[in-house]
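Student: Build the 3D model from these lines:
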Amino acid sequence: MYELVRGKTKYIISKSDSIEVDGWDPKASEVPTVPVSREIEKATWKEYLLTGGTRREPIMDFVRESWNRCLAMGVDPALGKCFDIRPEKDLGTEHWLLKGLVEDTSKEIYRLIKGKGLLITICDRHGYLVNMGGDYRALLSADKLNFGPGANWSEKSVGTNAIGTALATAQPIRVTGREHFCESHHGWVCSAAPIFDLNGDLIGCIDISGPKSADHLHTMALAIEGARTIENRLFRMQSVNLMSTAFNAVATGLVYIDLSGRIRSANPIAAILMGEAADGLVGADAETWFDLKAIMEQISCDYQSRSNGGFRIRCHRNSAYDTRALPILSPNHTLAGILVVIHELQTVRSPEPATPSETEDAFKAIIGNSSAIQQAVKIARRVAPTPSTVLITGPSGTGKELMAQALHHASPRRNRSFVAVNCGAIPPELIQSELFGYVEGAFTGACRSGRTGKFEQASGGTLFLDEIAEMPLAMQVNLLRVLDEKKITRIGGKNPIPVDVRIMAATNQDLDAMVTQGKFRQDLFFRLSVVRIPLPPLNRRGKDVELLAGSFITTIAREFGRKIRCVDPRFYQSLAAYEWPGNIRELSHAIESAIIMMDADVLQWEHLPEQIRGVDRPSTVAAHSNFNLEAMQKETIHRAYLNFQGNISKMSKALGIGRNTLYAKLKKFDLI
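Tutor: Numbering: from 1, shown residues only. Model (predicted):
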């Protein structure tokens with residue numbers, strides 16, 4: 001790439017070194033094409049300039065309006081070259097800021113137009129050119145027009161041209177041949193796009209120009225994309241400066257992450273909460289600290305509608321933190337970065353009850369990010385729209401019925417009945433009448449009018465057979481016949497009744513082993529297990545324990561009418577350390593017990609059942625250190641931390657110590 005630079009009295013062409021840069025890197029094959037428009041006749045151009053109008057041929061509106069402005073400003077159409085050229089030192093700080101910002105973008109675009117006889121120009125908002133680079137022959141032609149750095153290419157200076165007209169209209173513009181106001185420019189085709197700053201104010205434009213003989217097929221699209229790239233770079237620079245001013249004014253952790261996933265800025269609170277010096281965070285991979293991977297696709301697809309509420313994410317340092325990712329949008333409404341907001345204690349909110357909807361995700365009730373539960377949901381999503389039978393397996397309390405309900409609500413049968421039957425809770429002698437019903441007088445004690453069975457009740461919908469392994473062998477034969485024939489006959493009845501039922505079954509037993517042992521019919525097993533969905537025990541789901549606990553806290557607190565201001569992080573530490581033999585059901589009961597035992601509005605470790613919190617209190621001071629000054633200091637700071645919900649300003653005022661001292665002690669005592 002060659003550049004046109006200003007010497008003491010004239011322009012000089014110099015060779016520029018190529019560089020590798022990170023950022024926008026389009027492929028030429030991906031750039032949209034915009035054909036060059038039809039050339040205006042010379043007689044049309046002359047007539048318009050002499051009379052202020054023409055009937056010879058139609059002229060584009062933006063060209064006619066620009067020509068009118070030029071006539072009003074008294075621009076000379078016979079002007080051979082630009083004469084308003086200023087030294088860079090006289091063009092102000094805005095000009096220099098833009099110059100430093102755009103150099104990489106110019107060289108990236110040049111890689112796509114190299115050898116096509118074109119040049120790239122960027123100007124400030126007044127029209128003064130910041131830089132000029134491109135192919136050697138194009139620069140020679142530009143030099144003859146004084147088309148170089150420091151030259152004023154506004155409409156007032158050189159008439160209608162892509163740069164000046166883009167600045168005047170704040171719109172992307174292509175000016176071809178005699179659409180230029182000045183005759184000396186009639187041999188050129190120019191494409192320009194305006195550049196805006198953080199406030200949406202025009203700060204300049206980018207232009208790709210060349211003789212009419214050059215290849216202009218991609219120039220308009222490249223100019224627009226180049227402008228967007230410069231805007232995003234400027235936005236990131238301005239937003240980081242803006243955030244750094246605001247970061248220290250709040251008692252909340254704030255982290256700015258760029259689109260490559262790197263941390264670019266973090267305030268002191270965030271550094272303390274994340275247990276790392278602020279300088280050590282800058283440049284680090286954000287995935288080390290936050291679970292961004294799980295929601296990056298959501299952010300990319302849905303950032304505009306969720307820019308206010310943000311997306312809840314998990315902080316690896318302490319999942320008890322209330323952590324949200326907020327998309328940052330540039331002035332052109334593209335995603336420019338992510339602001340992560342970290343609250344020091346997790347505040348439990350009571351959201352408005354959700355309104356059921358057919359468009360709502362039926363599987364949102366299946367809470368968890370672990371690979372095992374995500375795989376189960378993946379299988380469920382695929383089988384839900386089909387009529388196939390499903391066998392859900394897993395230990396007791398893992399949420400098998402919840403999965404069955406999600407499958408039903410995601411199926412075409414969502415508006416019909418979901419009927420659940422616990423096969424292990426029905427006496428063997430009654431299970432047939434429970435499933436198939438009976439007619440009047442079928443047996444002693446039967447209802448006079450008879451009764452419909454579960455199959456008829458579920459017709460058109462879903463029948464969920466829980467604990468299917470407990471079904472007697474004799475009954476398994478009858479069930480298999482119904483599944484094959486899709487008809488039932490009530491006990492004591494003679495007429496078959498058609499039923500349209502989708503079957504889902506669940507068990508906590510090893511049915512494969514039961515088939516081998518002759519305790520479960522093999523043919524029924526094959527019929528029920530067309531698709532298997534295994535649910536893992538809770539102790540194999542890692543951080544899902546904390547996610548489920550948070551959901552239960554919100555739900556149960558609302559049900560009991562209890563206000564929970566915050567949750568002690570050690571509460572979650574105890575939950576994470578427990579084995580959960582009773583799985584999700586046991587977790588729900590433990591949360592319910594803790595909320596009942598809560599004597600104020602802070603949910604603490606002490607409120608958990610004894611078997612879950614264990615013998616030793618996490619992070620507590622041993623009994624023999626009651627008179628240890630450091631231990632007493634730690635306990636006092638911890639109580640202040642809970643009382644003021646981690647508000648650093650209030651804590652430091654109440655404790656009578658400075659904020660920096662408090663930060664250091666919080667970190668020393670492992671309280672954050």
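Student: Let me see the ranges of the strands in the stretch 251-400 of the chain.
Tutor: Counting by DSSP state E, counting those that start in this stretch, the stretch 251-400 of the chain has strands at residues 253-257, 263-266, 311-313, 322-329, 335-343, 390-393.
Student: Check which helices and strands the third one sits against.
Tutor: Contacts defined by 3 or more C-beta pairs under 8 Å, 6 or more residues apart in numbering; DSSP states H and E place strand 311-313 against helix 293-302, strand 322-329. The C-beta positions use only the backbone N, C-alpha and C, and glycine is treated the same way.
Student: State the mean pLDDT of the last one.
Tutor: Averaging pLDDT along strand 322-329 yields 79.
Student: Pull up the gap between the closest residue to residue 317 other than its chain neighbours and residue 341, please.
Tutor: Once flanking residues are discounted, residue 317 sits nearest to residue 274: 5.0 Å by C-beta to C-beta, 6 or more residues apart in numbering. From residue 274 over to residue 341 the distance is 13 Å, taken as C-beta to C-beta, to the nearest Å.
Student: intersection of neighbour lists for those two?
Tutor: residue 253 (C-beta atoms under 8 Å, 6 or more residues apart in numbering).
Student: These two: which has the busier surroundings?
Tutor: A count of neighbours by other C-beta atoms under 10 Å puts residue 274 above the other of residue 274 and residue 341, at 26 against 17.
Student: I figured that one was touching residue 321, is that so?
Tutor: No. Between residue 274 and residue 321 there is no contact under C-beta atoms under 8 Å: 9.3 Å.
Student: any shared contact partners between those two?
Tutor: 253, 315, 342.
Student: beta partners for the first one?
Tutor: The one in question is residue 253. For residue 253, the beta-bridge partners under DSSP bridges are residue 342.
Student: what comes up buried for the helix or strand where residue 552 lies?
Tutor: If you go by DSSP states H and E, residue 552 is part of helix 544-560. For helix 544-560, a neighbour-count test (16 or more other C-beta atoms under 10 Å) marks 544-550, 552-554, 556-558 as buried.
Student: What of stretch 172-190?
Tutor: Residues of stretch 172-190 classed as buried: 172-186, 188-190 (neighbour count, 16+ other C-beta under 10 Å).
Student: starting at the chain centroid, how far to that stretch?
Tutor: Distance of stretch 172-190 from the chain centroid (C-alpha atoms, centre = their mean, to the nearest Å) equals 44 Å.
Student: how long is that stretch from one end to the other?
Tutor: Start-to-end span of stretch 172-190 (C-alpha to C-alpha, to the nearest Å) is 11 Å.
Student: residues near the nearest residue to residue 318 once chain neighbours are set aside, how many?
Tutor: The shortest distance from residue 318 to any non-neighbouring residue, by C-beta to C-beta, 6+ apart, is to residue 569 (5.8 Å). Residues lying near residue 569 (other C-beta under 10 Å) number 22.
Student: Distance-wise, check residue 569 relative to residue 408.
Tutor: Taking C-beta to C-beta, one finds residue 569 at 38 Å from residue 408.
Student: Contacts only, for residue 63.
Tutor: So residue 63 contacts 40, 160, 175, 179 (C-beta under 8 Å, 6+ apart).
Student: if we go to 7 Å?
Tutor: 160, 179 (C-beta atoms under 7 Å, 6 or more residues apart in numbering).
Student: For whichever helix or strand it is part of, list the C-alpha coordinates in CSV.
Tutor: Following DSSP H and E, one finds residue 63 within helix 61-73. These are the backbone C-alpha positions of helix 61-73, laid out as CSV (Å, rounded to 0.1, in the frame of the first residue of the first chain):
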residue,chain,number,x,y,z
ASP,A,61,-32.3,13.7,-6.0
PHE,A,62,-29.2,13.9,-3.8
VAL,A,63,-27.1,15.0,-6.8
ARG,A,64,-29.6,17.8,-7.8
GLU,A,65,-29.8,19.0,-4.1
SER,A,66,-26.0,19.0,-3.9
TRP,A,67,-25.6,20.9,-7.1
ASN,A,68,-28.1,23.5,-5.8
ARG,A,69,-26.1,23.9,-2.6
CYS,A,70,-22.9,24.4,-4.7
LEU,A,71,-24.5,27.0,-6.9
ALA,A,72,-25.8,28.8,-3.8
MET,A,73,-22.3,28.7,-2.2
